[in-house]
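Asks: Using only what follows, build the 3D model:
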Amino acid sequence: MASLFGLARRNWLAFNPSEAPKSAGPLRFGILGAADIAPMALILPAKTHPDVVVQTVAARDPKKAKAYAQKHGIQEVSSSYQDLLDNPNIDCVYIPLPNGLHFEWALRALKAGKHVLLEKPSVDNVTEAEALFKNPILNSPKAPVLLEAAHYAFHPAWTAFMSYVSPTDVSSAKAVLWVPKWKFATDDIRYQYDLGGGALMDLGAYTASALTRVFGAVAEECEECLTQAASYDSRCDQLFKARYKFPGGGRGEMEGDLKAPLDRMSPNIYVEHIPIVVYSAEVGIQVPKDQEVVRIRKIKFSNFVMPTIFHSIQIDDEFLTRKIGDKSGTAIKKWTNSKTIKAYTFKEVDINQPGEPSWTTYRYQLEEFVNKVRGREARQWVGGADSINTAKMIDMAYVAAKLPLRPTSKLVDGSI
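Replies: So this is what the prediction gives:
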């Protein structure tokens, strides 16, 4: 009963947060586009952050921007995207525009001196990713902060999960993410090629980045990618199944479906390690001098995308003893240890960082984004190299699927 109460309370507060008193000089955010994701990704998290105010919003349709501002309690409406960027009172810009517009407006925002929180996928392809994240402006004195919003990586549950993963020992991993078939209309931007649509662009931004973190590297190649075309535009994938080869011989898989049946809802990650020799004292046993202990670890992270709602991390360790150096597989003794853990705050993983059980992945992300902007340490971060690697993974999959890469902006030469 107590756990059910905790779940209900946690989720109520996640979606109905109380507003924190604001600091004397908070960071003032502007939102480019009246996007559906912005309330969950920024507006709600900002309510509980004392150093953040969502000041203004701009949309292509001024009437839509005004209605959006009234609905979400945003103080101002900018007349255009550029008007927002030209506003000297705005410190940070959140960009949840269609993928195909990310590169242009992120670059414009950086050149205007704004810190940028950029929705994922950061850009349309690796050419754009390298042009954006390696832009000289990011290495200039007092450079603005640029962050791709891979929000799941900021939650304590991800930190807890990775504490059981040894990237160099991973033999295989699989990341899956599905969206119910009723979620997006047939002509949604996710099915429009010129706007950077495609399941790999949307869901693959999660699964591909998760695989690079689990393996600690970008894949060497995508060996196979099977897709199903969207009915609106055959250049856009509605479903994908990709298989990668990673350095050292590890194999990674990822699956995503924008029109999945209701029985395939949980976004999960599965990891298996190679057999490794461990100290017998580590597992609390004594073995003869001519024997060694070997461990094979399997991990399942259920609901890695929105762990605040619910999640579990199951660790199954299979042990065996064998003669030292015996690779034949002959076991003298076998046993297993299993446990399931959860982490809603960093205190639960013995890390001294702020957090509440009701904080969503987006709230934890905002905490670190503000830390970075303020010049404080950000212990969880998604760097430019991470974003470039994610773009590489997605491009590899499109090449393997024999689908065109999403179109490259004409502005990659920096002519803004």
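Asks: tell me the contacts of the residue lying closest to residue 409 once chain neighbours are set aside?
Replies: Leaving aside its sequence neighbours, residue 409 sits nearest to residue 103 (CB to CB, 6 or more residues apart in numbering; 4.5 Å). Placement of C-beta: from N, CA and C, glycine included. Applying CB atoms under 8 Å, 6 or more residues apart in numbering, we find residue 103 in contact with 123-124, 128, 131-132, 409, 411-412.
Asks: Check the residues you listed for burial and list the buried ones.
Replies: With burial judged by 16 or more other CB atoms under 10 Å, the buried subset of the contacts of residue 103 is 123-124, 128, 131-132, 409, 412.
Asks: And the pLDDT for the residue nearest to residue 409?
Replies: Confidence at residue 103, expressed as pLDDT, is 98.
Asks: pLDDT weak spots in the stretch 201-350 of the chain?
Replies: Applying pLDDT under 70 to the stretch 201-350 of the chain flags residues 265.
Asks: all helices for it, in order.
Replies: Assigned helices in the stretch 201-350 of the chain, in chain order: 204-215 (criterion: DSSP state H, counting those that start in this stretch).
Asks: Would you map the strands across it?
Replies: With DSSP state E, counting those that start in this stretch as the definition, the stretch 201-350 of the chain shows strands at residue ranges 221-229, 237-245, 251-260, 268-273, 276-278, 291-302, 312-323, 333-341.
Asks: Of these, which is nearest residue 171?
Replies: Each of the strands of the stretch 201-350 of the chain was checked against residue 171 via CB to CB, and the shortest separation belongs to strand 268-273, namely 5.4 Å.
Asks: Give the buried residues for that closest one.
Replies: 268-273.
Asks: Could you provide those in TSV, with additional columns for distance to residue 62?
Replies: Written out in TSV, the entries for the buried residues of strand 268-273 read as follows (distance: CB to CB, whole Å):
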residue	distance to residue 62
268	43
269	43
270	47
271	48
272	53
273	55
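Asks: Relative to residue 303, which of the residues you listed is nearest.
Replies: Proximity of the buried residues of strand 268-273 to residue 303 (CB to CB) peaks at residue 268, which lies at 7.2 Å.
Asks: these two touch, right, the closest one and residue 301?
Replies: Yes - at 6.4 Å, residue 268 counts as touching residue 301 under the criterion of CB atoms under 8 Å.
Asks: Tell me how many other residues surround residue 134.
Replies: 12 (other CB atoms under 10 Å).
Asks: so who does it touch?
Replies: 384, 388.
Asks: again, only this time at 10 Å
Replies: 384-385, 388 (CB atoms under 10 Å, 6 or more residues apart in numbering).
Asks: taking the contacts of residue 103 one by one, which sit in helices?
Replies: Residues of these located in helices (DSSP state H): 128, 131-132.
Asks: Tell me where the stretch 1-150 of the chain has strands.
Replies: If DSSP E, counting those that start in this stretch is used as the criterion, the strands of the stretch 1-150 of the chain fall at 27-32, 52-58, 76-77, 92-95, 115-118, 146-148.
Asks: What pairs with the third one, parallel or antiparallel?
Replies: Strand 76-77 has its sheet partners listed here by DSSP bridges as strand 52-58 (parallel).
Asks: angle of the partner strand against strand 27-32?
Replies: For strand 52-58 and strand 27-32, the angle between their directions (axes from the mean of the first three to the mean of the last three CA atoms, to 10 degrees) works out to 30 degrees.
Asks: which helix is the longest one in the protein?
Replies: Taking DSSP H as the assignment, the helix of the chain that covers the most residues is helix 384-400.
Asks: ok so, going back, common neighbours of residue 268 and residue 301, please.
Replies: Taking CB under 10 Å, 6+ apart as the contact criterion, the residues that touch both residue 268 and residue 301 are 175, 311-312.
Asks: Now rank the residues you listed by neighbours and give me the top one.
Replies: residue 175 (28 neighbours).
Asks: quick one, phi psi at that residue?
Replies: The phi/psi pair for residue 175 (degrees, to the nearest 10) reads phi -120, psi 130.
Asks: Could you measure from residue 371 over to residue 218?
Replies: Between residue 371 and residue 218 the computed distance is 27 Å (CB to CB, to the nearest Å).
Asks: okay, which residue is most central for this protein?
Replies: Centroid check for the chain by CA atoms, centre = their mean gives residue 150 as the closest residue, at 2.7 Å.
Asks: quick one: that residue and residue 207, what's the gap?
Replies: With distances taken as CB to CB, residue 150 is found 11 Å from residue 207.
Asks: Find the residues that touch each one of those two.
Replies: With contacts defined as CB under 10 Å, 6+ apart, the residues adjacent to both residue 150 and residue 207 are residue 390.
Asks: surely residue 187 meets residue 232?
Replies: Yes - Residue 187 is within contact range of residue 232, at 5.3 Å (criterion: CB atoms under 10 Å).
Asks: Neighbour count: these two, which is higher?
Replies: For residue 187 and residue 232, the more surrounded residue by other CB under 10 Å is residue 232, and the numbers stand at 17 against 12.
Asks: So the closest residue to residue 248 other than its chain neighbours: helix, strand or coil?
Replies: Across the structure, with CB to CB, 6+ apart as the measure, the residue nearest residue 248 apart from its sequence neighbours is residue 168 (7.1 Å). In the three-state summary, residue 168 is assigned as helix, counting by DSSP: H, G, I helix; E, B strand; the rest coil.
Asks: Same question for the one 10 residues further on.
Replies: Per three-state DSSP, the local secondary structure of residue 178 is strand.
Asks: Give the closest residue to residue 285 in space, chain neighbours not counted.
Replies: residue 293 (7.1 Å).
Asks: Surely the one you found and residue 337 touch.
Replies: No - with contacts defined as CB under 10 Å, residue 293 does not count as touching residue 337, sitting 11.8 Å away.
Asks: Those two - which one has more neighbours?
Replies: Neighbours were counted for residue 293 and for residue 337 using other CB under 10 Å; residue 293 has more, 19 against 13.
Asks: Look up how far residue 165 lies from the more buried one.
Replies: Counting by CB to CB, the gap from residue 293 to residue 165 is 20 Å.
Asks: tell me the contacts of residue 150?
Replies: With contacts defined as CB under 10 Å, 6+ apart, the neighbours of residue 150 are 119-122, 158, 205-206, 209-210, 213, 361, 365, 381-382, 386-387, 390.
Asks: Next one, pLDDT for it please.
Replies: As summarised for this prediction, residue 150 has a pLDDT of 98.
Asks: Distance check, the residue nearest to residue 27 when sequence neighbours are not counted against residue 144.
Replies: Counting by CB to CB, 6+ apart, the nearest residue to residue 27 once its immediate chain neighbours are dropped is residue 91, at 4.6 Å. Plainly put, residue 91 is 9 Å away from residue 144 if you go by CB to CB.
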